[in-house]
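Trainee: next input, structure requested:
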Amino acid sequence: MAKVAREMVEKTGINVDELVELLVKNAAAELTTFYYYTILRVNLIGLEGEGIKPIAEAARIEDRNHFEALVPRIYELGGKLPDDMKEFHDISACPPANLPSDPTDVKAMLQVLVEAERCAVRGYTHICNLTAGKDHRTYDLSLAILHEEIEHEAWFSEFLGEGPSGHYLRTGDTSPFAGKFLR
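Mentor: Sure, this is the predicted structure:
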């Protein structure tokens, strides 16, 4: 644990235990979303599904990266991940992104994907609001993840016909914002 890091955050008035709890719950959401997106991606088949598959894959990999980026900060602040994977799954900040009952319904899959991203956007916006001007490292990390989650939401909402977002699918590296926390 980085004792001075925790001490500096505490001095700003942030309840560090509550912040760590939020980070752990969001880490759980990222890892479980990675798992559920794997199932969704495998089922994106046919003419409609194949066009969405690369986008679901980009979001899936970035969610794994978000989990990896969050873990060091959790431990720096004196937290830890639960020892039990089922417990970790169940404390997720977002509900499971389950495969719809009809796995051939691409629109239903898109709705699952966009709702998962919207939950993530809400969660990271909340963490940014709590840490802005107080905990610079957690804020920077959460803001980087938030940028990527907003792009994911935009990609899926466009497929649902909710209007143009102005966002483009990335080419090349994944996690252009959160990637600096993985080095």
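
Trainee: helix or strand right after the helix or strand hosting I55?
Mentor: Assigned by DSSP states H and E, I55 falls within helix 46-76. Per DSSP H and E, the first helix or strand lying C-terminal to helix 46-76 is helix 85-90.

Trainee: pLDDT on that next one, on average?
Mentor: The pLDDT scores in helix 85-90 average 98.

Trainee: just say helix, strand or coil for A97.
Mentor: Put simply, A97 is coil when judged by DSSP: H, G, I helix; E, B strand; the rest coil.

Trainee: what about it, distance to N129?
Mentor: Distance of A97 to N129, given as C-beta to C-beta, to the nearest Å: 24 Å. Glycine gets a C-beta too; all of them are placed from N, C-alpha and C.

Trainee: with neighbour numbers in mind, choose between those two.
Mentor: Neighbour totals were compared for A97 and N129, and A97 leads with 24 against 10 (other C-beta atoms under 10 Å).

Trainee: how about the helices in the protein?
Mentor: Assigned helices in the chain, in chain order: 3-11, 16-43, 46-76, 85-90, 106-131, 136-159 (criterion: DSSP state H).

Trainee: orientation of the third one relative to helix 106-131 in degrees?
Mentor: Read it as helix 46-76. 20 degrees (axes from the mean of the first three to the mean of the last three C-alpha atoms, to 10 degrees).

Trainee: and for I45, the neighbour number?
Mentor: 13.

Trainee: now do the phi/psi pair for it.
Mentor: Dihedral angles of I45 (phi, psi; degrees, to the nearest 10) stand at phi -130, psi 170.

Trainee: for it, what are its contacts?
Mentor: Going by C-beta atoms under 8 Å, 6 or more residues apart in numbering, I45 touches no other residue.

Trainee: tell me, what's the model's pLDDT at it?
Mentor: 95.

Trainee: good, we can wrap up now.
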